[in-house]
Structures are given as C-alpha cells and as structure tokens.
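Asker: attaching a predicted model along with its sequence, questions to come.
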Amino acid sequence: MSYKFNIKERLISLIHPMRKIAIFLCSISMSLINAQAVLLTEEVKNLFQDHSNGIWISHYYGTTEDGTKYILNLGYDNQDYRGILNNLNSNEKIFLEGKYDPSVLKCIGYDSLDQLHYEIIGERKDSSLVLDLLSTDKKHGRRIYFLAQARDQFRILDCAPNSYCKIFQDKNIPNIRLNLQRNEDESISGNLYISAEEESYSIIAKCKDPNCNKISGIIYDKLSQKVGSLQINHVSNASIHLDYILKNNSFNYDLNLMNHLKFSCISFKEIRNPHVFKTVFIADKNYLKFNQEIISFIKNDVINNLKKDTIKPLFFYYDNELYSEDFISGTYKYILPDEDSIRYKNINYYIRNDKEITLEDFFDKEFNTNQFFKDAIAFKIEHLLKNKETDFQNWLKTIDLNNWTLREEGFVFHSNFSPKYGFTETTVPFTELAGKIKKNNLTKRLLK
C-alpha cells in the first residue's frame, strides 16, 4: 500500500496508514508528579484584579508533535480568561489574556518580559482543548493538544494525551477488521481488512469534533488510488459504528473493541534534537528485553546517521500489524532531519514462547523458504509492472522477503520508502500455503 505526499511538508503523514489491519486504541501509561510543582493555581488567581465573582481554574496537560510537554493553567471569571502556559522542557512561560467564551479561546500571549507576542486560538470541548499559537516569527508558532485533568489527580502522561490505537471487529461475523490509530498530530490512520476479498485498504482520516467521536476519512488501495470513503461514530468506549463506501458499494457495521495496544514514550538523552519515541509496552520480562534491543538498535542508527549540526526534530512512529495475547508484529519507523527517506525496524515476536519469529519457523527444514517467497512476491507484482515507468518498476522491486510482518491473514512483505510513491506491500495469505506450513505450537496459535 503506497501513498504520496510532500516530504518537505510532512514526511510524517507518513506512514499513511496503509498497513494496519485492525483497530487499536492504545492505553497510555502515566507517571504521577508533584502537582504543586507545576500547577500554578495561585499564580493564575493573582492575574485577576477582581475576585468577587469567583474564579474557576482548569489544568490541562498537552504535547506537541515533537514531544514537547506543556501544562496550561487556565482561569476565567465569566468575563475574561487569564492563564499561564508552561513549557516543561524549557520552563518557558507564556501569559494569556482574553475575553471569556465557553467554547472558543481567543487570547493574546506574551512572555515574562513582554517581548514575545502570540495570537492564541483554541477550541474547548468537554475535557479536550486544541491550541494554535500564532506568531509573526514562524519558528515560535505551534499547535498543542491538551487534555483536562483534576487538580488532585494531575499526572504527566508519557505519551500524547489524545493518542490511541485500537482494534475493532465484528464479533458475530468476523469478516471486517478495522485498525484505527489517533496520532500525536491528531491525524487518524488505519487499515480496513475485508476477509471476503482477502484484501486490506489503508485509511487516512480526521476527527470531526474535539473528542474525536466522529471520524471522516478516505480509503486507498495498495497503490494509493482513492477507492472509497468512510464515516465512524463512537457508540461507546467499546464499540463503534462504521459506514463506508467502497468501489461504489455501501456497507455498514457495528464493530466491537477486540484489543488495544499500550504505548510507552521515552526520549534519548544522547540526542538533543526534539523527539519522543513511542514504543510498544507489554508487561512481559522477556519481551521487554527484546524490545530494549530494538530500541538500542534504532537509537544507535539515529546517532550514527544524524547530522551533528542540526537541532531539527526527529519523528518516530509505530505501525502495528498484529497484536494478541500470543503475538506482536509491526514496524518502528523514524525520520531524520534532511533525509528524504524513512528508516524502519520490524518486530515479529511470539509472546507466549518468548522468541523472535523468523519465516523459517513456519516451515520444515527441507522447504526452500527464501525461494518460495521470492517467487510468490515476483508473481504478485508482475501485473503491476506492465507499462509502468522505470522508477516505478524499480520501487515495486524493493518489496523484499527480509522486510516482512505478520497479520492474522498471512505474511506481509513491504517495499522501501520512495519520496515519489511512498510505501507499498504485498500479502501472501495463509490460505495459499495450505499443506506447506508445518504444524507446531506457533502455527496452531496463529491459525486458530
């Protein structure tokens, strides 16, 4: 599944959800902090001259896309807003003031020396708040995504407060699986798998309301051709209603939450560039050791290839393909400044047996695994090569048997990233491997 986008604008929309076949809404781990150290309740009260009508103060935690953490201490008295926006990374404070509106925040912002001015625009809805800081100096402009928290239970979230990753499926007729991921930049990516077609489609979408209870998006095929659209409505924390149009046919399903993926977010002290690394968290000692080795590989790759004279942000992503009590499979992807490419590291891990999975684990020793999959990949892309330009053909030929992940339906082989075309992939379903896969504990668990 490939996609096109302008690398200079956002190599990030990047991982154009094409590979995700099930919906994950991730739980986010949290670390308790000393609230009094960061919640500036009294300081905000003192920004109001008249206290006679009462002052209400809300506390929000938020992050920007590069992982910078903020706390917004926002006060209002039904006439005016006053507040302090605190950058936890640099300890910079921005003071806010504006006229009160229950749903829209319009303020000016200035620093403690009254030297740096912002126009601040935000939308409040329930517990969420999105702020745009607009400045004549573009390098100071930013968007911040906030989540309100009670003062006595205030916590610093190690990942962005609104990000999630969930897997939804029709419980009674398991022929539809949807993977949705809400990313740090508030974009929605995912993958729709339709078992009757043995085909998966990528999704690019956006929230239609601040709490992201309504989602609207586009469906793409493997070569980034638009083939449909979808609408998602959250019915509850454990169910959604999906309406989609695919190839001029309409469908609708009620899907239940089947699984969710937990993330932990870290930063590398050896790397000064702004960044946050979102890594998969599974409470298993052997998995955590394995994952730490993957993290160390990626960190060293970044350190060895990062230009020393840049302080531009790094971007890290995780695309999940399969997650169950037995298996985790997916790809860490990361973007270095001034590189027109996306680096990656796949993980394929058997949680129950505490081991990394190889293709050879599925077949008898006598079976020529490499040759079989080389031939299978060549056969599947052959019709796509006809009458195509040379660079397109060369890109398709980067689909490699060493660049693979698992899904419930089979093996997925991925291409390298192309600035012109993006990513693509091909799948070898388990149904095409009948009689070839050996029967062992691993395959029994995967194919049950």
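Answerer: Sure, I can see it. Numbers count the residues shown, from 1 in each chain.

Asker: helices along the stretch 251-400 of the chain, start to end?
Answerer: 285-305, 369-385, 390-396 (DSSP state H, counting those that start in this stretch).

Asker: centroid-wise, who is the farthest residue in the protein?
Answerer: Using Cα atoms, centre = their mean, the residue of the chain lying farthest from its centre is S52. It sits 45.6 Å away.

Asker: next, that one: secondary structure please.
Answerer: S52 carries the three-state label coil when classified by DSSP: H, G, I helix; E, B strand; the rest coil.

Asker: so where's this structure shaky on pLDDT?
Answerer: Along the chain, the model assigns pLDDT under 70 to residues 1-38, 114, 126, 153-158, 161, 172-174.

Asker: so which of the helices of the stretch 251-400 of the chain comes closest to S58?
Answerer: The closest of these to S58 is helix 285-305. By Cβ to Cβ, the value is 35.6 Å. Glycine gets a C-beta too; all of them are placed from N, C-alpha and C.

Asker: what's next to the closest one, contact-wise?
Answerer: Helix 285-305 has contacts (Cβ atoms under 8 Å, 6 or more residues apart in numbering) with 266, 268, 270-271, 277, 279-280, 282, 314, 316, 328, 332, 334, 336, 339, 343, 345, 347, 349, 351, 354, 356.

Asker: out of these, which sit inside strands?
Answerer: Of the contacts of helix 285-305, the ones assigned to strands by DSSP state E are 266, 277, 279-280, 316, 328, 332, 334, 343, 345, 347, 349, 356.

Asker: write a ChimeraX command that selects only the buried members of these.
Answerer: In ChimeraX syntax, the buried subset of the ones in strands among the contacts of helix 285-305 is picked out as below (16 or more other Cβ atoms under 10 Å):
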select :266,277,279,280,316,328,332,334,343,347,349
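
Asker: hmm, back to that, nearest to N248, of the helices of the stretch 251-400 of the chain?
Answerer: helix 369-385 (22.7 Å).

Asker: check which residues of that closest one are buried.
Answerer: Within helix 369-385, the residues that qualify as buried are T369, F372, F373, A376, I377, K380, I381, counting by 16+ other Cβ under 10 Å.

Asker: any idea how far the fifth one lies from N86?
Answerer: To N86, I377 is 52 Å away according to Cβ to Cβ, to the nearest Å.

Asker: just the first one next, same as before
Answerer: As for T369, its distance to N86 is 55 Å (criterion: Cβ to Cβ).

Asker: next one: the third one
Answerer: In this view, F373 and N86 are 53 Å apart by Cβ to Cβ.

Asker: check the last one too.
Answerer: Relative to N86, I381 is positioned 52 Å away (criterion: Cβ to Cβ).

Asker: count of neighbours near E92?
Answerer: Residues lying near E92 (other Cβ atoms under 10 Å) number 14.

Asker: show me the contacts for it.
Answerer: Counted by Cβ under 8 Å, 6+ apart, E92 has contacts N86, D111.

Asker: phi first, then psi, for it.
Answerer: E92 adopts backbone torsions of phi -70, psi 140, taken as degrees, to the nearest 10.

Asker: same check, this time on T405
Answerer: With angles defined as degrees, to the nearest 10, T405 sits at phi -140, psi 170.

Asker: hang on, it packs against N348?
Answerer: Yes: counting by Cβ atoms under 8 Å, N348 is a contact partner of T405 at 6.3 Å.

Asker: identify the contacts common to those two.
Answerer: With Cβ under 8 Å, 6+ apart as the test, T405 and N348 both reach S329.

Asker: okay, S418 and L47: tell me how far apart.
Answerer: Counting by Cβ to Cβ, the separation of S418 from L47 is 52 Å.

Asker: what are the buried residues along stretch 83-93?
Answerer: G83, I84, L85, N86, N87.

Asker: scratch that, stretch 39-50 is what I was asking about
Answerer: Neighbour-count burial for stretch 39-50 [16+ other Cβ under 10 Å]: L39, L40, T41, E43, V44, L47, F48.

Asker: quick one: contacts for the third one?
Answerer: What it means is T41. By Cβ under 8 Å, 6+ apart, the contact set of T41 is I57, H59, N73, R151.

Asker: pull the distance from stretch 302-313 to the chain's centre.
Answerer: 23 Å (Cα atoms, centre = their mean, to the nearest Å).

Asker: likewise stretch 137-147?
Answerer: 19 Å.

Asker: what residues does the nearest residue in space to D185 that is not next to it in sequence make contact with?
Answerer: Computed as Cβ to Cβ, 6 or more residues apart in numbering, the closest residue to D185 that is not its neighbour in sequence is E65, at 4.6 Å. Counting by Cβ under 8 Å, 6+ apart, E65 touches I12, R143, E184, D185, P313, F315.

Asker: would you map the strands across the stretch 51-200 of the chain?
Answerer: All strands of the stretch 51-200 of the chain, identified by DSSP state E, counting those that start in this stretch, fall at 56-63, 69-76, 80-87, 93-99, 104-110, 117-125, 128-134, 142-149, 155-157, 164-169, 176-182, 187-194, 199-207.

Asker: sheet-wise, list the partners of the fourth one with their directions.
Answerer: Based on DSSP bridges, the pairing partners of strand 93-99 within the sheet are strand 80-87 (antiparallel), strand 104-110 (antiparallel).

Asker: out of those strands, flag the one nearest Q231.
Answerer: Comparing these by Cβ to Cβ, strand 104-110 comes nearest, at 25.6 Å.

Asker: just the buried residues of stretch 39-50: which are in helices?
Answerer: The members of the buried residues of stretch 39-50 that map onto helices under DSSP state H are T41, E43, V44.

Asker: isn't the second one right up against I71?
Answerer: No: E43 sits out of contact with I71 when judged by Cβ under 8 Å, with a separation of 11.9 Å.

Asker: between those two, which contacts overlap?
Answerer: In contact with both E43 and I71: no residue, using Cβ under 8 Å, 6+ apart.

Asker: domains in the chain, by residue range?
Answerer: Split into domains by automatic domain parsing, the chain comes to 35-157, 164-260, 296-446.

Asker: out of the ones you listed, deepest packed?
Answerer: Among the domains of the chain, domain 164-260 has the highest mean neighbour count (mean count of other Cβ atoms under 10 Å), at a mean of 18.
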